[in-house]
Structures are given as C-alpha cells and as structure tokens.
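Novice: heads up, no residue letters with this:
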C-alpha cells in the first residue's frame, strides 16, 4: 500500500489519490451497474436502454453512458441514417466488468430484505 497520499505508485484503491478510485466509483454506481447488465446480451439503442432501466431520467442515462464511454467500458456507434441511429455496446473491458457486477446484482436480488 502506498504511504504517500498525494500519488499512487501502484494500483491501490485504498490510497486517496489512486486513479483506481475513479473506476471503483463508476462501477459502484447503480446506473452504471445496470447499464452494463443491460448491455451484456449485445448492443442497444438509447431508447431500448431507457425502457430497460426503469426510473432513469434521460439526463442521467446520457451522463452515465458518456462516463462509461470515457472510461473505455462501452462504445457508442452512430450510423449514418436519417434519423441517426446510435447504439451502445460493451467493450472487452466492459464485458470483463459485467461478470462481477452480475454476481452483485444476483446477490442483491437474492438477499434484499434479509438483513432486516
């Protein structure tokens, strides 16, 4: 573990300045975890994602997709059609995050209410 909190010499999510924390923050976000899960079976358009993710606002969906794209977890493909068709698809990195996130989603569904 790094003893200097101003830099992170190796990946250590417990170090204050480690860039790993950005990825952890992103993946721990409920909408990110649900978007990645929704894209596990293949690419989807924005409208299909919105229908799948009940309760997400268009603004939050757009922000979440942009953040996932910026971190290399998904790609956005614009097809030259009228009207333009845009699809989102997991990258290899996104697919590698999908498995542990699926386990977490499954655990939550199996255990909701058990701790009360």
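Specialist: Everything's here; your move. Since this is a predicted model, take the numbers as computed values, not measurements.
Novice: which residues in this structure form strands?
Specialist: Secondary structure of the chain (DSSP state E): strands located at 44-45, 74-79, 85-90.
Novice: quick one: closest of those to residue 26.
Specialist: strand 74-79 (11.3 Å; CB to CB). Quick note: C-beta positions are derived from backbone N, CA and C, even for glycine.
Novice: the closest one pairs with which strands, and in what direction?
Specialist: With DSSP bridges as the test, strand 74-79 is paired with strand 85-90 (antiparallel).
Novice: show me the helices in this protein, by range?
Specialist: Assigned by DSSP state H, the helices in the chain fall at 20-28, 30-38, 46-52, 58-70, 92-111.
Novice: tell me the most buried of those helices?
Specialist: Among the helices of the chain, helix 30-38 has the highest mean neighbour count (mean count of other CB atoms under 10 Å), at a mean of 19.
Novice: need the residue closest to the centroid of the chain.
Specialist: residue 32 (3.1 Å; CA atoms, centre = their mean).
Novice: tell me the contacts of it?
Specialist: The contact partners of residue 32, taken as CB atoms under 8 Å, 6 or more residues apart in numbering, are 26, 64, 67, 68, 73.
Novice: swap in 10 Å and give it another go.
Specialist: Applying CB atoms under 10 Å, 6 or more residues apart in numbering to residue 32 gives the contacts 25, 26, 64, 65, 67, 68, 71, 73, 74, 94, 97, 101.
Novice: with adjacent residues omitted, what lies nearest to residue 60?
Specialist: residue 31 (6.1 Å; CB to CB, 6 or more residues apart in numbering).
Novice: and the pLDDT at that neighbour?
Specialist: Among the per-residue scores, residue 31 holds a pLDDT of 97.
Novice: please apply the same query to residue 19.
Specialist: If you check residue 19, the pLDDT there is 85.
Novice: how about residue 13?
Specialist: 85.
Novice: tally of neighbours for residue 80?
Specialist: Number of residues near residue 80 (other CB atoms under 10 Å) recorded here: 6.
Novice: good, we can wrap up now.
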